[in-house]
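J.: Got a sequence here, can you model it:
(one chain, ligands or ions: 3)
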Amino acid sequence: MWRELAPVGRVRTGGYRRQPFTSAERETVAWFRQECAARDLTVEEDPYGNLVAWWRPEGAAGDAVLTGSHLDSVVEGGGYDGPLGVVSALAAVDALRERGHVPAVPLGIGVFVEEEGSRFGIACLGSRLATGSMSWESARELRDRDGVAFGDVVAGGARSTLVEGVGSFVELHVEQGRDLVHREVPVGVATMIWPHGRYRFDFRGEANHAGTTRMGDRRDPMLTFAGTALEAARIALETGDRATFGRLEVSPNGTNAVPERVTAWLDARAGSEEALRSVVSQIGSSASEQATGHGTSVDVTAESESPEVRFEEALTAEVSRRSDGGSWPAIATMAGHDAGVLSAAGIPTAMLFVRNPTGISHAPAEYAAPEDCLAGVEALADSLQRLTR
Ligand code: HGY
Ligand code: MN
Ligand code: MN
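T.: Ligands and ions are numbered 1, 2, ... in the order given. Sure, this is the predicted structure:
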């Protein structure tokens, strides 16, 4: 499976560009459908492009167990964030069949669209729509960087029924840190997800000539942005939270002109919702103060927010059981996941992490060794076997 997926959407840096509904991402979806067809899994798609491949043996009834993840990537992301959960789910189905296991309840492999929010801006857009935590009315007008609306690339409209009847969700994911490296184990389980959000900062000033405008006469929004970025890092360093400006748009973006407008996106994360509100508000206040000093202005808009998620204890305990009688370690994650959205929607959820030796994620250096991936598949298969007995 990895051999087939590896070249899809890979660019010169070795990173992946699998933005939702681009040809590369659609190729990963076509690959998924083929893998499902080869396993006689029935694929259902909702009006937003979310997929679930069902293994529903005759007589299987009751609340379904769902596993899976996503196939889209951030811009120039790694190859494992998302696909590892999908590949491992397919491999776990193979393992269960080799063991002769027949699920007593339907077992599904989900692939949620636009988990990263790299095209339409909202993280976990697909799972938010699938669970009804976001409405079609608010999603259809979301636009990508070229002005294409989400409503132009999906059928939309009708409510998704894809996760109706799902009684639990187990998402396997590459670790996005080095906790498991330090603990010297290949697999871990998640305890919680930090609350996090995305905030758009619109800085406005006055476009002018880079040579003839005296420094003291300028109203330069780039300076307000730069000062805000430095302050964000200083504040987050002090509080132990996370604050990142990773995306910027400058208008008109000319070398010899003071810009008229700078739009910057803040990704902020903190250990509690109160701490998140506080760090975002401190950064916003600092931006306003600096704007006053520079004769510019700033408006802050929350584009998406994700609450704190605590994974279901009984399910997590089940998933953390090792075949040797021990248990996999539990670790917190500062990353967002569809599992968090399903959990917030009331579906009992747990996550498995597979060790990433580099600890790097959302970048080409993201990695998981084959033997660790296999340990992940075994842990997932063992969990699914217990859950579908
Ligand atoms: O951005 C995130 O936390 C995630 O990996 N979607
Ligand atoms: Mn990610
Ligand atoms: Mn992911």
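
J.: Quick check: Cys124 vs ligand 1, distance?
T.: 7 Å (C-beta to the nearest ligand atom, to the nearest Å). Every residue, glycine included, has its C-beta placed from N, CA and C.

J.: got a list of what that residue touches?
T.: Neighbour list for Cys124: Phe112, Glu114, Glu115, Gly117, Ser306, Gly336, His337, Asp338, Gly340, Val341 [criterion: C-beta atoms under 8 Å, 6 or more residues apart in numbering].

J.: so what pLDDT did it get?
T.: For Cys124, the pLDDT comes out at 98.

J.: Skipping its backbone neighbours, what lies nearest it in space?
T.: Of all residues not flanking Cys124 in the chain, Val341 sits nearest, at 4.7 Å (C-beta to C-beta, 6 or more residues apart in numbering).

J.: Which neighbours in the sheet does the lowest-mean-pLDDT helix or strand in the chain have, and how are they oriented?
T.: Lowest by mean pLDDT, DSSP states H and E among the helices and strands of the chain is strand 330-333, with a mean of 94. In the sheet, strand 330-333 lines up against strand 187-193 (parallel) (DSSP bridges).

J.: Next secondary structure element downstream of the partner strand?
T.: Going down the chain from strand 187-193, the next helix or strand is strand 196-204, by DSSP states H and E.

J.: Now that following strand: buried residues?
T.: For strand 196-204, the neighbour count (16 or more other C-beta atoms under 10 Å) marks His196, Gly197, Arg198, Tyr199, Arg200, Phe201, Phe203, Arg204 as buried.

J.: Please list the residues of the stretch 1-150 of the chain that sit near ligand 3.
T.: Proximity of the stretch 1-150 of the chain to ligand 3, by C-beta under 5 Å from the ion, involves residues Asp81, Gly82.

J.: Tell me where the stretch 1-150 of the chain has strands.
T.: Along the stretch 1-150 of the chain, the segments classed as strands by DSSP state E, counting those that start in this stretch run 16-17, 42-45, 51-55, 64-69, 75-77, 107-111.

J.: Out of those strands, which gets nearest to ligand 1?
T.: strand 75-77 (8.7 Å; C-beta to the nearest ligand atom).

J.: got a list of contacts for the closest one?
T.: Contacts for strand 75-77 (C-beta under 8 Å, 6+ apart): 11, 13, 15-19, 116, 118, 361-364, 366.

J.: what lines up beside it in the sheet?
T.: Strand 75-77 pairs in its sheet with strand 16-17 (antiparallel), by DSSP bridges.

J.: Can you tell me who the nearest residue to Val86 once chain neighbours are set aside pairs with across the strands?
T.: With C-beta to C-beta, 6+ apart as the criterion, Val86 has its nearest non-adjacent residue at 5.4 Å, and that residue is Ser69. In this entry, Ser69 is beta-bridged to Val111, by DSSP bridges.

J.: How about Ala264?
T.: Assigned bridge partners for Ala264, using DSSP bridges, are Phe201, Leu248.
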